[in-house]
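# no FASTA, just this:
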């Protein structure tokens with residue numbers, strides 16, 4: 001979760017990564033931008049009414065894409081120095097933050113450390129993107145499990161399965177279908193690292209674009 005009450009400086013590698021994402025906004029298809037702008041408008045409307053946007057990024061297992069989406073929203077909020085924003089992730093079921101996705105975010109500059117809580121099935125990771133803020137605890141959970149909000153939040157569906165399984169998300173005041181291809185399809189292949197990096201970058205690029213358009 002990111003409260004962003006003061007201006008935060010990103011870890012230099014992530015600052016540079018964000019700057020490179022901005023240079024790729026032209027790669028986002030026009031139709032995709034329309035969906036992203038609806039997310040921008042949600043943020044802008046919340047700020048207009050002096051409310052704190054709360055966003056849950058949802059996929060089936062809360063293992064890959066939803067974590068990437070939640071983290072990029074949090075990083076992007078700091079990058080663009082938005083007012084208070086709270087970001088979360090969840091699944092239609094809980095599994096684990098996949099170690100391949102964990103390795104991917106570490107490779108681009110996130111500071112990631114596994115906590116003393118050692119679960120063989122669902123470990124907890126402390127994730128940081130700024131040296132000035134406390135770490136975020138990342139682990140797999142259902143979208144309606146604590147600490148996720150239960151009302152007045154946006155539900156961002158980043159996989160088609162979760163979108164189909166949850167045609168109605170109780171408590172959400174905004175719902176957006178924004179599916180991404182699952183890098184899991186390339187696990188244990190020669191393309192594994194490349195595809196995880198590609199999906200991480202695509203999600204970051206698109207969510208940075210949405211946040212860059214927010215008015216506050």
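Cool, got the structure. Given the structure is predicted, the values throughout are model-derived calculations rather than measurements. Residues are numbered from 1 along each chain as shown.
# So for stretch 147-166, what gets flagged as buried?
Within stretch 147-166, the residues that count as buried by 16 or more other C-beta atoms under 10 Å are 148, 149, 153, 154, 155, 156, 157, 158, 159, 162, 163, 166. Placement of C-beta: from N, CA and C, glycine included.
# Report the rounded mean pLDDT for that stretch.
Average pLDDT, stretch 147-166: 88.
# re the thing from before, now, which of the buried residues of stretch 147-166 lie within strands?
Among the buried residues of stretch 147-166, the members falling in strands (DSSP state E) are 153, 154, 155, 156, 157.
# And the fourth one, how close does it get to residue 79?
Meaning residue 156. Relative to residue 79, residue 156 is positioned 18 Å away (C-beta to C-beta, to the nearest Å).
# Please apply the same query to the second one.
Note on residue 154: its distance to residue 79, by C-beta to C-beta, is 19 Å.
# Let me know the next secondary structure element after the least confident helix or strand in the chain by mean pLDDT.
None of the helices or strands of the chain scores lower by mean pLDDT, DSSP states H and E than helix 160-165, at a mean of 74. Per DSSP states H and E, the first helix or strand lying C-terminal to helix 160-165 is strand 172-177.
# Pull out the buried positions in the longest helix that the chain contains.
Across the chain, the longest stretch assigned as helix under DSSP state H is helix 192-212. By 16+ other C-beta under 10 Å, the buried positions in helix 192-212 come out as 192, 195-196, 199-211.
# Now do that helix against strand 172-177, angle only.
Calculated by axes from the mean of the first three to the mean of the last three C-alpha atoms, to 10 degrees, helix 192-212 forms an angle of 130 degrees with strand 172-177.
# helices or strands up against helix 192-212?
Judged by 3 or more C-beta pairs under 8 Å, 6 or more residues apart in numbering; DSSP states H and E, the packing partners of helix 192-212 are helix 12-22, helix 30-48, helix 65-79, helix 99-107.
# Select, out of those helices, the one closest to residue 139.
Set against residue 139 and scored by C-beta to C-beta, those come closest in helix 65-79, at 9.2 Å.
# helices or strands up against that closest one?
For helix 65-79, the elements it packs on are helix 12-22, strand 54-59, strand 86-91, helix 99-107, strand 136-138, helix 192-212, judged by 3+ C-beta pairs under 8 Å, 6+ apart.
# which intervals of this protein have sub-threshold pLDDT?
1-8, 163 (pLDDT under 70).
# at 80 instead, please
For the chain, the stretches with pLDDT under 80 are 1-8, 117-118, 162-168.
# I'd assumed residue 162 was in contact with residue 175.
No. Counting by C-beta atoms under 8 Å, residue 175 stays clear of residue 162, with 11.2 Å between them.
# intersection of neighbour lists for those two?
Common neighbours of residue 175 and residue 162, using C-beta atoms under 8 Å, 6 or more residues apart in numbering, do not exist here.
# quick revisit: which one of the ones in strands among the buried residues of stretch 147-166 is nearest to residue 88?
Looking at those and their distance to residue 88, the nearest is residue 153, at 7.7 Å (C-beta to C-beta).
# For the closest one, which non-adjacent residue is closest in space?
Nearest residue to residue 153 in three dimensions, chain neighbours excluded: residue 54, at 4.0 Å (C-beta to C-beta, 6 or more residues apart in numbering).
# Perfect, I'm done here.
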